[in-house]
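In: missing the sequence, but the structure's below:
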Ligand SMILES: [K+]
Ligand SMILES: [K+]
């Protein structure tokens, strides 16, 4: 944070770009988290955690992925669990607000609303507008988590012998759901609650709150606050696109799971079991990572389909990973309008910027390359069925945390590959790409342009 | 052709766009080829070919892929084999020249050289410049095929009892290699010649001649012809990029196969066996489809690597398929320059056009979507190991024709999926996309532009 603030004043650091500083911030957080999770005081009696496993857990927590090489409640005592929850909270909310901060530092806009918010705050320095924004995010997430904790505690009274224990589980469940961390204290995710639709509904709502994107939360808050003064609230193009894409993906996922599994896993289930299994597994692929079933029961096509959904991931500027909803939406719109021969992308009475189209294309291609290369490398380090490798790779890159169970038994090389994927998935492909970018070079000379034959 | 010529005069047809006409031309060719290959007169005694298998063979031949659901020499008599060679020739050369023709009809340039060629020919109509160009292609390919046939016949004398038989095999081998069709009369590709490096070298040269791209061949021809008059010949940017990419891919492929298989398939081989196995398998993934070994002997990572190489495919405006070399090269350059913060892509003293960058991104993303969707569907219709499915999908899309042996036993649904892939691979992703494009719409009104957060 101190580093980040210092950089803000000069816009660019002495040595490092803003993106490089953010990456450094993540790395430092991971190192500290590895140290904390290695402390024997946080482990259950007789348990020892290797360096690689502590590092893996740290990366998974900071990136709020939830893939795990250890069983949380068997490895960590209640102190360790609370420490893990704190790391997850920093990873989810802290890094999220850091992400927002860097956006503004980079001169990017969060949206019309937020720009106005900062501009009306102009009397104060840009920095304090930023701090104000970050305070809003933190406030909103904390409120959501607090409400979630209270409701979870109430629901858990049925399952745990004491108030204290229900509260402990409610606290952890609310944080792990809202930050989309996907860690669990049951050792088998939400499978013990596969028939408790209240717990599932609450989990889905919290996952969605975290994954839908922070600018969306702020706009919805402002919409509610300003309803009494204004007749019509104008949501930004960003909020419209990301929210619609998010819910299209949830519906597509639910229908897809139903279609692929109707004659298989869902064959002997009642209508409400079918609905909740399909819906929950769909919502959780956005970035949640909790699960009400063992996904090895799904067929291979279903798991490939879920891999694709995890690859897409959550909204930008959220607790989630993957290529992000808007990337897919903008690329889809751009390709569709291009195929139809239109020269501009018109949507919701606005036009999408060429620069954003270029970004979305680049993110998709680089993300695909990264995941393909990672799958190939994993096939070398750990010769497992490719569909399982692809699933785990997409889960790590999407910082989703769903697993077909191969992660704990991976070789050290395999674990390192997944760590790198979780890290890239969390900071985002563009940030990853910009690690190599120095100061922007504007070249004032030009060569003649020449056409090339492409793809035919 | 008549259709094509008619369209040329009006630039756009009455009902159909140029791309739609080319697709129609392909479809008609496939239908006629299916009819020809279904004729009992072309079958060996006692053999009957189902409609789906005749259709599959026709699509494979017209798209010069070489994937096959029947064993050619067991199914077809010598008349049938010659008919197949003719279809392959039309598919390879005819469609290639058609492709070139449509390029010009669409107002695209083949390159500076070819534009000059047409412009100096201006006294005649554009059409006759076009015909001249197509005559050049046909002439070059026929010369290459004739030389190939003579050399193959000479080399085959060692293996076949009579001149006549050697000529028959030489004729077929030269056509199948030069057009990159990949069909064979041995029932086991080039495996019988796995120790004959002359046959392998000749095959590699012919595959390269067909896959390197027709504009490259013409430029090389002009380079040789003009050497006596001019001191310095300026190759087009297209030729430089596609040729360099082609050979980088060949070297990468060779090294990749060596690295992946050094401790496995190549472990007990001599240095020259190692070199030829690696080199030949690398060249053949450009689009050739012939093979000196059963690829089931390769490990899964190697076959995934080869799948990626086949997905890339050959040069544009060649006999090959896939996303094409320039697509990958331009996308790579664009992403690299973007990551480095440069505002223009400078290469060989030229700048790459923004429009070409956009095209390369779109081709890559759509191709990836098509292959992923096809793999998912195949996993449903034919529950086989995913690595085998991905291999066959990439082979079909790259119109490569290499196989892990699953194609003949696919369900009808699976065969249809591969047919669609071969078809799209051959016409190219852009043409496929433009099937839905009507007249280009230039919209003269605009909405305000609004930024969106992408991928972070
Ligand atoms: K997660
Ligand atoms: K081929």
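Out: Cool, got the structure. Predicted model only: the values in this text are computed from it and were never measured. Ligands and ions are numbered 1, 2, ... in the order given.

In: so what's the residue most central in space within chain A up against?
Out: By C-alpha atoms, centre = their mean, chain A has its centre lying nearest to residue A:320, at 1.0 Å. By C-beta atoms under 8 Å, 6 or more residues apart in numbering or on different chains, the contact set of residue A:320 is A:64, A:180, A:210, A:211, A:286, A:287, A:313, A:314, A:398, A:399, A:400. Heads up, the C-betas are built off the backbone N, CA and C, glycines and all.

In: With residue A:348 instead?
Out: A:237, A:240, A:241 are the contacts of residue A:348 under C-beta under 8 Å, 6+ apart.

In: ok, so of the contacts of residue A:320, who is nearest residue A:143?
Out: residue A:210 (12.7 Å; C-beta to C-beta).

In: how close does the closest one sit to ligand 2?
Out: 49 Å (C-beta to the ion, to the nearest Å).

In: ok, back up a step: which pair in the contacts of residue A:320 spans the largest distance?
Out: Across these (C-beta to C-beta), the longest gap, 13.8 Å, separates A:210 and A:398.

In: residues shared between the contacts of these two?
Out: Going by C-beta under 8 Å, 6+ apart, residues that sit against residue A:210 and also against residue A:398 are A:287, A:314, A:320.

In: what's the closest of the residues you listed to ligand 1?
Out: residue A:287 (5.1 Å; C-beta to the ion).

In: what would the contacts of residue A:348 look like in CSV with secondary structure, pLDDT and neighbour count?
Out: Shown next, in CSV, are the contacts of residue A:348 (DSSP: H, G, I helix; E, B strand; the rest coil; pLDDT from 0 to 100; neighbours: other C-beta atoms under 10 Å in any protein chain shown):
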residue, secondary structure, pLDDT, neighbour count
A:237, helix, 85, 25
A:240, helix, 88, 19
A:241, helix, 88, 24
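
In: So which of these would count as near chain B as well?
Out: The overlap between the contacts of residue A:348 and the neighbours of chain B (C-beta under 8 Å from any C-beta of the partner chain) comes to A:237, A:241.

In: mind listing the strands for chain A?
Out: Applying DSSP state E to chain A gives strands spanning A:346-347, A:350-352, A:449-450.

In: among those, which is the most enclosed?
Out: Across those, averaging neighbours per residue (mean count of other C-beta atoms under 10 Å in any protein chain shown) puts strand A:350-352 on top, at a mean of 20.

In: what's it packed up against?
Out: Helices and strands touching strand A:350-352, by 3 or more C-beta pairs under 8 Å, 6 or more residues apart in numbering or on different chains; DSSP states H and E, are helix A:325-339, strand B:449-450.

In: So for ligand 2, which of those sits nearest?
Out: Nearest of those (C-beta to the ion): helix A:325-339, 27.0 Å.

In: and the closest one, what does it pack onto?
Out: Packed next to helix A:325-339, using 3+ C-beta pairs under 8 Å, 6+ apart, are helix A:237-261, strand A:350-352, helix A:354-381, helix B:354-381, helix B:429-434.

In: any chance of the ones you listed in CSV, plus distance to residue B:142?
Out: Formatted as CSV, these follow (distance: least, C-beta to C-beta, whole Å):
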stretch, distance to residue B:142
helix A:237-261, 51
strand A:350-352, 49
helix A:354-381, 39
helix B:354-381, 30
helix B:429-434, 26
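
In: low-confidence ranges in chain A?
Out: Along chain A, the parts satisfying pLDDT under 70 run over A:1-19, A:94-131, A:230-231, A:438-443, A:451-452, A:454-456.

In: What residues does it have near ligand 1?
Out: Within chain A, the residues that sit near ligand 1 (C-beta under 5 Å from the ion) are A:65, A:66, A:180, A:182, A:289, A:401.

In: how close does residue A:298 get to residue A:387?
Out: Distance of residue A:298 to residue A:387, computed by C-beta to C-beta, to the nearest Å: 10 Å.

In: Oops, could you answer that again for residue A:232 instead?
Out: The separation that residue A:232 has from residue A:387, given C-beta to C-beta, amounts to 49 Å.

In: Residue A:79 too?
Out: With C-beta to C-beta as the criterion, residue A:79 and residue A:387 are 39 Å apart.

In: Look at those two and report which has more neighbours.
Out: More crowded of residue A:79 and residue A:387, by other C-beta atoms under 10 Å in any protein chain shown: residue A:387, with 20 against 12.

In: Might one say that that one is in contact with residue A:302?
Out: No - Residue A:387 lies out of contact with residue A:302 (C-beta atoms under 8 Å); the separation is 10.1 Å.

In: What are the boundaries of the helices in the stretch 151-300 of chain A?
Out: A:163-178, A:197-211, A:214-226, A:237-261, A:271-283, A:300-312 (DSSP state H, counting those that start in this stretch).

In: Can you point out the buried residues in the first one?
Out: Spelled out, it's helix A:163-178. By neighbour count with 16 or more other C-beta atoms under 10 Å in any protein chain shown, helix A:163-178 contains the buried residues A:166-178.

In: distance of residue A:140 from ligand 2?
Out: Residue A:140 is 57 Å from ligand 2, by C-beta to the ion.

In: which residues sit in contact with the residue lying closest to the residue nearest to the centre of chain A once chain neighbours are set aside?
Out: In space, and not counting its chain neighbours, residue A:320 is closest to residue A:314: 2.3 Å by C-beta to C-beta, 6 or more residues apart in numbering or on different chains. Counting by C-beta under 8 Å, 6+ apart, residue A:314 makes contact with A:180, A:210-213, A:246, A:286-287, A:320-322, A:324-325, A:398.

In: Tell me the one among these nearest to chain B.
Out: Proximity of the contacts of residue A:314 to chain B was ranked by C-beta to the nearest C-beta; the top entry is residue A:324 with 4.9 Å.

In: isn't the closest one right next to residue A:331, touching?
Out: No - with contact defined as C-beta under 8 Å, residue A:324 does not count as touching residue A:331 (10.7 Å).

In: hmm, back to that, how about the helices of the stretch 151-300 of chain A in CSV, adding distance to residue B:406?
Out: Formatted as CSV, these follow (distance: least, C-beta to C-beta, whole Å):
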stretch, distance to residue B:406
helix A:163-178, 43
helix A:197-211, 39
helix A:214-226, 46
helix A:237-261, 21
helix A:271-283, 30
helix A:300-312, 15
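
In: so of the ones you listed, which one's packed in deepest?
Out: By mean count of other C-beta under 10 Å, those have helix A:300-312 as the most buried, with a mean of 24.

In: Any part of it near chain B?
Out: Yes - using C-beta under 8 Å from any C-beta, helix A:300-312 reaches chain B at A:300, A:301, A:304, A:305, A:308.

In: Counting by contacts, list what that helix packs against.
Out: Contact partners of helix A:300-312 among helices and strands, from 3+ C-beta pairs under 8 Å, 6+ apart: helix A:237-261, helix A:386-397, helix B:354-381.

In: Out of those, which gets nearest to residue A:342?
Out: When the helices and strands packed on helix A:300-312 are compared by C-beta to C-beta, helix B:354-381 sits nearest residue A:342, at 13.1 Å.

In: mind checking how far the closest one is from the chain centre?
Out: Relative to the chain's own centre, helix B:354-381 is displaced by 17 Å; criterion: C-alpha atoms, centre = their mean, to the nearest Å.

In: same deal with stretch A:378-396?
Out: In terms of C-alpha atoms, centre = their mean, the centre of stretch A:378-396 is found 20 Å from the chain centre.

In: Buried by neighbour count: which residues of that stretch qualify?
Out: Judged by neighbour count using 16+ other C-beta under 10 Å, the buried positions of stretch A:378-396 are A:378-382, A:384-396.

In: quick one: terminal-to-terminal distance for that stretch?
Out: End-to-end span of stretch A:378-396 (C-alpha to C-alpha, to the nearest Å): 13 Å.

In: hmm, that stretch touching chain B?
Out: Yes - contact of stretch A:378-396 with chain B (C-beta under 8 Å from any C-beta) involves A:379, A:380, A:383, A:385, A:386, A:387, A:390.

In: That'll do, ta.
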